[in-house]
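Engineer: Let's see this in three dimensions:
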Amino acid sequence: MQSKFHGVAVDAGSGLAESLRLARGAEASDGDLLTFKRAVLEVLGPDASTVLVDATCGPDLLPNYPENCARMVAFEADVYHISGADRITVLPDNITVEDYPSMEINLLKFFMYYAPDDDPALNARKHDVVVDIGARCKAAGVQFLMEPLVYHPTLSSGTQDYALIKPDLVRRATQVFAQDRFQTDVLKVEIPVDLDFVEGLGAPIISRAEAMEAFRSAASAAQGIDLVYLSAGVTFERFEASLIMAREAGVDFAGFMCGRAIWADAVDIFGAGGDDALRAWLGDTGRDRLCRLIVALG
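Structural biologist: Residues are numbered from 1 along each chain as shown. You can find the predicted model right below:
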């Protein structure tokens, strides 16, 4: 296993831009998204091993990376933007994989919504996209982080029924993208259980022992490829508890990539007080949260 990932993700695009616009109200400007991301990068970057930015803002943020903080840029047009019902990720038109080395970008992240039980023909198309990106990363000498985000064709996330099948979905998606043909260097994966349905943390639908086994089973599907857990929009407390549970389950994972769980509360801070207030909050609460997640890795 390589050095631990203590990653901060600030690759959110149009959704974050709209949240900032609403928070800023009459003070809103076109530069707010870049200002927000730059503050996260500059304040939290010194304590992070890497900060993930998006393909749109990323090129403008590269000079702001702190020393010893690896550059990571998402290879997506707009994070979680998809091409209709097929949920295939839209690629950026302003940057190519082959541009990464000349821009001194160390890491490329790519996500794909993935349902193991979806139409095999659709999943084959998704596989082809990931195979191509993996091959291009390999040829360019860029480290490839693959992020499969699971879903089910008929069950909605956040429900009890979905919570019961989520461990298997995460395990199977992890197993797929650990295959050699994808040339994945790191798998950026979801927490395999919804803590809202785990005994002792939420509704006792899944026992603590079953949750621990879900962590172990999903991790073993990576077949030795480094795993980093993503926060997927949960609260900070939930994500911290998830990392602690993974460690208690004995999972050998490489670290975390955490976005909104660290900085989502800062949107309103920025809205009310601008850049100075944002940086003060990040330097206090934001930095404390990042450090707590690092401690949770053990």
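
Engineer: OK, contacts around the residue most central in space within the chain?
Structural biologist: Ranked by distance to the mean C-alpha position of the chain (Cα atoms, centre = their mean), the top residue is Leu230 at 4.3 Å. Contacts for Leu230 were tallied using Cβ atoms under 8 Å, 6 or more residues apart in numbering; they are 9, 147, 188-190, 256-259. The way it works is simple: take the backbone N, C-alpha and C, and place the C-beta from them, glycine included.

Engineer: Quick check: the gap between it and Val8.
Structural biologist: Leu230 sits 12 Å away from Val8, going by Cβ to Cβ, to the nearest Å.

Engineer: can you list residues touching both of those two?
Structural biologist: 257-259.

Engineer: Where do the helices of this structure begin and end?
Structural biologist: Along the chain, counting by DSSP state H, helices occupy 14-24, 32-44, 58-61, 120-140, 160-177, 208-220, 236-248, 260-263, 266-281, 287-296.

Engineer: what's in contact with the last one?
Structural biologist: So that's helix 287-296. Taking Cβ under 8 Å, 6+ apart as the rule, helix 287-296 contacts 6, 8, 43-44, 47-48, 236, 239-240, 243-244, 247, 256, 258, 261-262.

Engineer: Can you say which of those are buried?
Structural biologist: 6, 8, 43-44, 48, 236, 239-240, 243, 256, 258, 261-262 (16 or more other Cβ atoms under 10 Å).

Engineer: Among those, which one sits closest to Gly274?
Structural biologist: Nearest to Gly274 out of the buried ones among the contacts of helix 287-296 is Val43 (Cβ to Cβ; 14.4 Å).

Engineer: Could you find the closest non-adjacent residue to that closest one?
Structural biologist: Leu282 (4.0 Å; Cβ to Cβ, 6 or more residues apart in numbering).

Engineer: Please apply the same query to Ser49.
Structural biologist: His6 (4.5 Å).

Engineer: Surely that neighbour is in contact with Phe256?
Structural biologist: Yes: at 7.1 Å, His6 and Phe256 qualify as touching, with contact defined as Cβ atoms under 8 Å.

Engineer: if we can go back for a sec, so who does the residue nearest to Ser49 touch?
Structural biologist: By Cβ under 8 Å, 6+ apart, the residues touching His6 are 47-50, 255-256, 290, 293-294, 297.
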